[in-house]
Each structure stands twice: as structure tokens, then as C-alpha cells.
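>>> how would this look folded up:
(2 chains)
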Amino acid sequence: MRYLPNSPSDRAEMLRTIGYGSVEELFSQIPQEIRFQGRLNLPGPLSEQEILDFFREAASQTSREYASFLGAGAYSHFRPVAVDAMLSRGEFFTAYTPYQGELAQGTLQAMFEFQTLMTQLTGMEVSNASLYDGSTATTEAVLMALRLTRRNRVLVARSLHPEYREVMTTYVRHQGTEMVNVPYSAAGQLNMGELELALKPETAAVVVQSPNFFGVVEHCRKVAELVHQKGALLIVSVTEPLSLAVINPPSEADIVAGEAQSFGVPVAFGGPYLGFLATREKFMRQMPGRLVGQTVDTEGRRGFVLTLATREQHIRREKATSNICTNQSLCALAATIYLCLLGKEGLKALAEHNLAKAHYAAHQLLDVPDITIPFQGPYFNEFVVKVPGGAEGLLRILRREKILGGVSLGRFYPELKDHILVCVTETVNKATIDHMARVYNDYAKRKKSGNARKATASHALGQENV
Amino acid sequence: MKDHIRHARPHISRDEDLIFERSAPGKCGVDPLPLEVPSVSASELLGKEFHRAEIHGFPEVSELEVIRHFTRLSTWNYGVDTGLYPLGSCTMKYNPRINEVVARLEGLATDHPYTPPELAQGCLRILDETARCLAEITGMDAVSLQPAAGAQGELSGILMIRAFLAERGNPRRYILIPDSAHGTNPASVATSGYEVRPLKSGARGTIDLAEVDRAMTEEVAGLMLTNPNTLGIFEVQIREICNLVHQKGGLVYMDGANMNALLGIARPADFGADVMHLNLHKTFTTPHGGGGPGSGPVAVKKFLEPYLPSPTVERAADGTYRLNYNRPKSIGRVRAFYGNFGMAVRALAYIAANGGEGLLQTTQDAVLNANYVMRRLQDVYDLPYNGPCLHECVLSDHRQAARGVRTGDIAKRLIDYGFHPYTTSFPLIVQGALMIEPTESASMDELDEFIEAMRAIAEEIEEDPEFVLKAPHTTRVSRLDEATAARKPILRWKK
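Numbering: from 1, shown residues only, chains lettered A, B, ... in the order given. Got it, this is the predicted structure:
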């Protein structure tokens, strides 16, 4: 076995040295009746070449030849090659959590830089060193707000990512907490009237996503005013943090949490991703997850350590702020490298590029008869189009053209079954956008003539035929 | 000439600034992608309320500076690639390079989670095959790869126990946890709405059957245990313990953190566990990455399958794979999408590289290595629980503490000898614990060097404890002031 460094004679010598006749004797503590007697039915052993062949075959059964307008919480962005070049250094990716600070200054300094970058982006004062993903980070923000306010009601915008809401439900179900959804308005933003009605004195927090699941930017300042009047906390969830390079950060919020996969982490069929959580300094000691702090060594040199560990499970056990043990260090490192490469101007330029392409795409689709963009609020790189009579059918036609046209919203919002969430990043080019628009146009034309035919055949309400 | 040498300062490579301190306006590590569509004015489009003009303080550096910055930082780290990393309970084994290559293949790294399943068959197949392999290794019937890390696997498992018992009328109130358990166990139990009832370990460091009998009442939902436990000792009465819990209507959760001791040797489902998690980043070589991403699949017996997190990956009769969201009894979602897919790719590559025989050899080597270290150090460091260990051994600083040197100090001195320290002060049931897990990735030669270093440190403690207390002496920074860091936290750079 190529990964094992001991030779048969090494093994024999070691056994001899410690006085055992066979390795089997070391397992004699395990009762014979529960020893596994068979052979594990597993693939392999495979050579490296066979492994590569197997996974290449699997990789061929994917959508890799398709252009993609899929977003909805996972964003395809170009990753500069320097990101993987640096991540692939074994000193980074084969290291453990930096509990032994003197041997882990590399990871620690990078995490300190990550924390700084996240505060700069979010307009918050402190950030942790990352959490699992956006859904759990947003959920941890809710748990944190419950601890801080000692109240037990949480209002959640329906325009928060539906899977985030599901995760939140799983976590708060057994905390005696009431979770209430707040509807969205005609503009696709949080319905302020409904929010006001739902805000009761026992409300711990209000959770809003911005840009929200429909891609629409929320009026965070106005929401914050209302929420704070009632003594509740505002949690803003961000799933597309690239937006923060051109959109004002929700600095009026109490906690900003979300997903930073956009920054140099591949979409990789859903994970691993990069949750983040930033907040105000006064709430620091109720934060979940790891924190890196600056300090000095015995000779006064600057160094970094994991700090405020008394919040964490390995010290506090059942009284910890969270059961989280790990962060997403390597993904946070990827984001740090990515953000350093792009920097202030590069990130802004990329965000403006996304903004321009998404608006170009929206205009192309708006030119198609019967296609509308129902939510009129400002958006960044994602928007909703309404396709009367069948989003699913249109998406199927687009797939034939090797285009993944977006996420059909009917699966999450029954009332939006004719709606598609379209995401446009720098990874799609103009030709693809134009191609998609042509497919929409053809579809609209066919539908029109089809409807006309059906009307003459006097069964106008027949099943959409695609 | 001599003066020049005397005045030479350490190169910047040994004293790299924060990236923010290297920043200067006008520098950038990427060149913009040309825009082929009409440009827009962000300020007009978004208006005053929403438009952001600048991210204050954000770095501006060239690509080369980024490369040098992170290369230098990496050299201040210690990884499995650097040398022996005997961190107990963490299973710091070699991370095969092929894993990294296959996880980055186009298609696997680039498929979006909302790709229609018929176009993501390769990804779904990997999830399904990985789950099948893990079920085979544990003897369990079904596996969900959704939990993002071990602690989330624990939470999922305990929530499944709750859902199962609740459906039968009473979720009950307590979960029993031995005092030797990982800190995540009680924390996860608290998150799932249960209360923790600690179980005192017996004289051999294992669970006392009589103790379980006493504690296991109608109010107890189950027992959460780690086997082998954190002392590296197998619970010899495991069947009797599990039977007892079952007889009283409870379920058994097993923390699979120490599964590296059991591959091909014993299967948790066979000795009575009902639900367990695995740490792909421990047993199955997905890299620890400086603290994540991990992956904590949860494995269950048939009767708990309906409660697994939603969605599940299923294989239809025609051989195609699909996602099943129609799971009315599920505990729900524990994270967005389907889990850390990239980690499943790596774990499957590792399992396939080994096959069943390779995994068995892996466990045998890991156990032999741990016993080798234990036997060759027990004359200089106290061994509180004697007897062959499995994948790790736990010594204590009892003798050294008499000279004022504790486990944490010995660990720091070990750094000077070129090794990453063992785990200090855990498990809590051993005062001043030195928890050593060499894994199968340590060669005999490297273990000999490690043993020699540990013995030398024991001598140093006798001769000059002060010297050990000031260790490490050879690292870029000396001991760091953790107390001040916690008292006056500085968590970000400011201009």
C-alpha cells in the first residue's frame, strides 16, 4: 500500500521490541464475537491511474459543457490560478487547527487577515474565522441573537434562501423558539407593513437577506430602524458577498452572516463552502466559532493566537456558545488569497462587470414578448423573470441548447411557479446571453402561434406542449 | 565585513507584514476582464441609498506580492507534509495528492448544486458510492453525507434519536455522556434540546456497566459514546452496554472520531450502535486544512433511515441517481445543498486506493505505532491506564509536574525537536494528559526519533526545568501571550 511507510520488517521489529508475537495480539481486547469476520466489500485497491480514470469518467457525467445561469446561493466566478497554487502548499492544507500557535503562525495570520477583510466588506467591527456555510452561519446568528436578547421569537423574511430557512427550522425547533415568516412585497423586498405587524416585544431578531433570494437589494437601514425600535436585533444574511463591492454594507445590522463561497471557492456541487459571521464589538463574547487575536510573544514580537476559547465547546462543553468545533480554514484562506489578489479596485471592477452583465441580460429578456421582471427593486447579478405558462418547459429547451437557464422558483415558492431566478456572472459571455435571449424569443413566438392554433381549434387552455 | 554581518537583519521572509501593510494605491493582482456588454454606472443604477464607492482599508497589492506573502506565511506552519503530527484524537494522517487532483476535475469542482440531477449523474454517483462504502465499513444500513463536520453529524444523529422516540410518544429528557468524551458531544446534545447526564468512567478508563444500569432510566433517551474511547481503549463490555440501553428503550449514538482503530476489525453496527458519525477528515484523509473544511457523514441502522437529513441520494432501478426530497419523517436539513461534496470525492478516492485489505493494514499499522510509542515511553512518563491501546495512547505528566513542568510545556519543547506536539490536557479524566496518536503515516524511523526526543525532554526536566518552561526556542515567535489576547482582544487590523 503506497501510503504506508513501514516495511514488513519494520513491523516485525516493532512488534519484537514491544514484546508481541503478532499484531493480532494488540486487538485481543476486542471480544472475538464482535470482531468483523468477513472482508469489506469495497472498491479497490486501485492504482493512481485507475483512480484518475474512475473520477474522469464521473466528471464526464456532469454539466461541464453547459453555460450556467444558476446562482441562488452558489455562484460561479473565475478563480485566479494563484489561489489554488497557494492552497496546494502542504504546510497550509495538511495542518491542523492552530492550537499550537508557535507552529501555526501562517494559518493564524491569514485568518486574522480574513477577519479584517470580512469586517471591511460587511461594515461590522469584528468577524470570526469562518463557519461551515451560509445556511449554518445565518442560523448561528439567530442562536446568538436568542442568547443576547433572551427572547424567543424570530422573524424571518420569506425572501431568505429557502434552504437557509429549513436549516434554521431544524436548529431552533428544540429551543422553544417561534419562527415566523414575513412575506415579500410587490417589489420583491421585505414587506415593511407585515414586518411592523409581526414585530412583537418578545421578538429576538429579524433575519433579512440582501441581496435577497430574488436578487433584490433590501432597504436595510429602514428595516434596522424598525427592528431596533422594538429592541430586537437585525441579522442580515449575504449569499453573494461580491455585491458588497458596489452596494453599501448593512452596517446598521447587528449581525451580518452568510456565505463567502464567491471568493475563490468552487461551486463543487454544494460544498465545502465558507460561512462567515461578523458583528459589533459589544456582542463579541457571544459569537460562535473560532476567533484569531493579535498578541505578542515573550520578546514583544507581534504574533497571533486563537482567542476567547472560553466560549467554545472544548472548554465549556454543554454551556458553549455553539457545538461547532471546526471552521472552514482552508476555504477562508482561499477567500483571503482571492480578495488580496483582486484587492480594492479589482473587486470593484468585477462587481461592476457582474452588475453590467446582469442588467444587459435582463434587458435582452425584457425585450421578449410576454416576459416580465416582476420584482422592481434594485438588483446586483441576479433577477427573477416571469415566463407565463411554464418556466420548466423553457428551462428544458435551454438545456437542449447546452444552457442552464436558471433556477425554477416553483419548487420553493408555489406562487412563483412561472418564475426563473437568473444569475449572470463574469463566467458567461455576451454571446451566451444573446443565445439565451434568442431561445426565449423563439419560445415566445412558438407559444404565440401555438396558442393561435389552439384558439382556432377551440381548446385554448390545453397543456403546454414542449 | 564583520560589521556588515553583525548588522544584517533577518530577511523580510522571516518577518512578513500583514498584507494591509504592503498595500499601496494603484496596485492590483488581477487585470480586469474586458466587458463586452454596455457598461453601466453603478451609482446611477443603484442610487445614493445603495451605491458603495469604496471599501476602506482593502488591500492593493500585485500578484507577486500575494504569492510571496502566502508562501512566506506557509513556511511558518507545520503540516503532516512537514513531519510527524501525533495529535491525539485528530488522526493527522497523510493526505494523498491524487485526492486533491480528482476533487479539482472540471465537472466535479464546477457542477452547480442546482444542476438538474440528470446532468449531474457523476456527482450523485460519487455521493452514493461514498455512502455505500461508509455503510459497509460501519455495518450500518444508510448514510447521509449532508453534515458539514463531526459536530454536525452528532447533532443530526441526536436529532434522529429524538425524532424516533418522539414518534413513539416521548422523546425523553437526557443523554448519557461519559466524562472522557470530546467537548462537542455535550455541546451537540445541548443544541438538540436534551440535557447531559455525565457518566463517570470506571477504574480502567472505560464505561462501567453498573453505572450505566444506574443511570439508564425511563427519562434517558440514549447513550453517546466514543469507541475506542479517548484513551484509545476499546469498550470491552460494549455489547452489554448497548443491550442495557436498548432494554430500557434508549438508543446508542457512537462518536466515530476514532474509527481509524477499527477499519476491517469491528463494525459499530455489529456491536450495538444505532447511529454514528464519521470524520472524513480524520479516518478518510480529507485534509484538515488548518481547521476545516471537515465532513461528518451520519450512518444509521435501517429503523432510523426515515429520519436522515433531507434530501437523500437514491439510485433508481434503471441505475440513475436522484435526490429525494419527499421525506416526511426527516429531521430536516442541517445545511444547504448536499454536504461537503468535495470531501466525499477525496474520501472515495482514498477508500478506493486502499480497498478492504488496505484499510485493514492501515488500522493495524496505526495501532502498532501507538503501542510502540506507549511501550517505549512508559518508563519515563506515567501511564495511567495500562494495557494495549488501539490507535492512540494517553500518558500523564505526573512525574514531570513534580518539577513544575506540565504537559503543555513538554509539548512546546517538542517543537524544538522538530515535531508537532501531541494533544495536551485531554481527555479530562487524566490529569496532565499527553495524548499521542501517531497514525499509520508515521514510519518506525520517525517514531524512534520522536521517542528519543520525548526521553531527552524528560531528562532536561530533571536537569534544567526552567529551560523547558521557556520553550520553544527555535520558532519564529516564542511563547505567545494568550492571556492578554483574551483580555483585550484585537481581532482585526486597523490603520
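>>> Secondary structure class of residue B:428, three-state.
coil (DSSP: H, G, I helix; E, B strand; the rest coil).
>>> ok, how many other residues are close to the closest residue in space to it that isn't next to it in sequence?
Closest residue to residue B:428 apart from its sequence neighbours, by CB to CB, 6 or more residues apart in numbering or on different chains: residue B:179 at 6.6 Å. In this view, the C-beta of every residue, glycine as well, is placed from N, C-alpha and C. Residues within reach of residue B:179, counting by other CB atoms under 10 Å in any protein chain shown, total 13.
>>> wait, isn't residue B:179 in contact with residue B:197?
No. When contacts are counted by CB atoms under 8 Å, residue B:179 is not listed as touching residue B:197 (10.9 Å).
>>> Can you give me the separation between the residue nearest to residue B:428 and residue A:435?
64 Å (CB to CB, to the nearest Å).
>>> returning to that earlier point: just the pLDDT at the residue nearest to residue B:428, thanks.
We have a pLDDT of 90 for residue B:179.
>>> For chain A, see how far away it is.
10 Å (CB to the nearest CB, to the nearest Å).
>>> Just say helix, strand or coil for residue 214.
All of this is about chain A. With three-state DSSP as the criterion, residue A:214 reads coil.
>>> looking at chain B here, not the other one
Residue B:214 is classified as helix under three-state DSSP.
>>> Residue B:254 too?
Per three-state DSSP, residue B:254 ends up strand.
>>> list the contacts for it?
B:224, B:225, B:226, B:227, B:268, B:273, B:275, B:276 (CB atoms under 8 Å, 6 or more residues apart in numbering or on different chains).
>>> ok, now with 6 Å
Listed by CB atoms under 6 Å, 6 or more residues apart in numbering or on different chains, the contact set of residue B:254 reads B:227, B:268, B:273, B:276.
>>> Over to residue B:111?
Contacts of residue B:111 by CB under 6 Å, 6+ apart are A:62, A:63, A:269, B:120, B:123.
>>> nearest to residue B:407, of those?
Each of these was checked against residue B:407 using CB to CB; the closest is residue A:269, at 42.4 Å.
>>> surely that closest one meets residue B:339?
No. The pair residue A:269 / residue B:339 is not scored as a contact, 9.3 Å apart, by CB atoms under 6 Å.
>>> Check the gap between residue B:276 and chain A for me.
With CB to the nearest CB as the criterion, residue B:276 and chain A are 15 Å apart.
>>> Strands along chain B, start to end?
With strands called from DSSP state E, chain B shows them at B:142-144, B:174-178, B:195-199, B:220-226, B:251-255, B:275-277, B:298-300, B:312-315, B:321-324, B:393-396, B:423-424, B:433-436.
>>> got CSV for the ones you listed, with distance to residue B:208 too?
As requested, the strands of chain B are exported to CSV (distance: least, CB to CB, whole Å):
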stretch, distance to residue B:208
strand B:142-144, 32
strand B:174-178, 9
strand B:195-199, 8
strand B:220-226, 12
strand B:251-255, 16
strand B:275-277, 22
strand B:298-300, 27
strand B:312-315, 38
strand B:321-324, 42
strand B:393-396, 18
strand B:423-424, 25
strand B:433-436, 20
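>>> what helices or strands is the longest helix along chain B leaning on?
Longest helix in chain B by number of residues (criterion: DSSP state H): helix B:341-377. Here helix B:341-377 touches helix A:8-18, helix B:97-103, helix B:121-138, helix B:444-463, going by 3 or more CB pairs under 6 Å, 6 or more residues apart in numbering or on different chains; DSSP states H and E.
>>> Okay, angle between the last one and helix A:8-18 too, please.
Going back to what we said before, that points to helix B:444-463. 30 degrees (axes from the mean of the first three to the mean of the last three CA atoms, to 10 degrees).
>>> For chain A, tell me whether helix B:444-463 is touching it.
Yes. Looking at helix B:444-463 against chain A by CB under 6 Å from any CB of the partner chain, the contacts come from residue B:444.
>>> and that helix, how far out from the chain's middle?
Centroid separation for helix B:444-463 versus its chain: 27 Å, with CA atoms, centre = their mean, to the nearest Å.
>>> most surrounded residue in the contacts of residue B:254?
Within the contacts of residue B:254, most neighbours by other CB under 10 Å means residue B:276, with 31 neighbours.
>>> Helix or strand next in line after the helix or strand harbouring residue A:52, which one?
If you go by DSSP states H and E, residue A:52 is part of helix A:48-60. As assigned by DSSP H and E, the chain's next helix or strand after helix A:48-60 is strand A:67-68.
>>> List the first helix or strand encountered after that next one toward the C-terminus.
Following strand A:67-68 in sequence order, the next helix or strand is helix A:81-87 (DSSP H and E).
>>> Pull the residues that contact that next one.
Contacts for helix A:81-87 (CB under 6 Å, 6+ apart): A:264, A:334, A:337, A:338, A:341, B:63, B:70.
>>> And the residues you listed, which is closest to residue A:132?
residue A:334 (14.9 Å).
>>> how about stretch A:332-346, does it get close to chain B?
Yes. Using CB under 6 Å from any CB, stretch A:332-346 comes into contact with chain B via A:337, A:340, A:341, A:342, A:343, A:344, A:345, A:346.
>>> Might you calculate how far that stretch sits from the centre of the chain?
The answer for stretch A:332-346 is 17 Å, by CA atoms, centre = their mean.
>>> so what's the residue nearest to residue B:189 when sequence neighbours are not counted bridging to?
Nearest residue to residue B:189, sequence neighbours excluded (CB to CB, 6+ apart): residue B:175, at 4.7 Å. Beta bridges link residue B:175 to residue B:196, residue B:222, judged by DSSP bridges.
>>> and residue B:175, how many neighbours does it have?
Residue B:175 has 27 nearby residues by other CB under 10 Å.
>>> thinking it is in contact with residue B:224, fair?
Yes. Here residue B:175 lies in contact with residue B:224, judged by CB under 6 Å, at a distance of 5.5 Å.
>>> got the residues of the stretch 101-250 of chain A near chain B?
Counting by CB under 6 Å from any CB, the stretch 101-250 of chain A sits next to chain B at A:101-107, A:109-110, A:113, A:115-116, A:119-120, A:126, A:132-133, A:135-136, A:163, A:166-167, A:169-170, A:174, A:217, A:246-248.
>>> Just the buried residues of these.
By neighbour count, with 16 or more other CB atoms under 10 Å in any protein chain shown, these hold A:101-107, A:109-110, A:113, A:115-116, A:119-120, A:126, A:132-133, A:135-136, A:163, A:166-167, A:170, A:174, A:217, A:246-248 as buried.
>>> So which of those belong to strands?
residue A:126.
>>> circling back: out of the residues of stretch A:332-346 next to chain B, name the two that are farthest from one another.
A:337 and A:345 (16.9 Å).
>>> Neighbour count: those two, which is higher?
Neighbours of residue A:337 and residue A:345, each counted by other CB under 10 Å, are more numerous for residue A:337; the result is 30 against 19.
>>> Would you mind stating the distance between that one and residue B:81?
On the measure of CB to CB, residue A:337 and residue B:81 end up 19 Å apart.
>>> next one: residue A:364
Taking CB to CB, one finds residue A:364 at 50 Å from residue B:81.
>>> For the residue in the stretch 301-450 of chain A positioned nearest to chain B, give me the pLDDT.
Closest residue of the stretch 301-450 of chain A to chain B, CB to the nearest CB: residue A:330 (3.1 Å). What the model reports for residue A:330 is a pLDDT of 98.
>>> Compute the inter-axis angle for the helix or strand hosting it and helix B:341-377.
Secondary-structure assignment from DSSP H and E places residue A:330 in helix A:329-366. Interaxial angle, helix A:329-366 versus helix B:341-377 (the same axes, to 10 degrees): 180 degrees.
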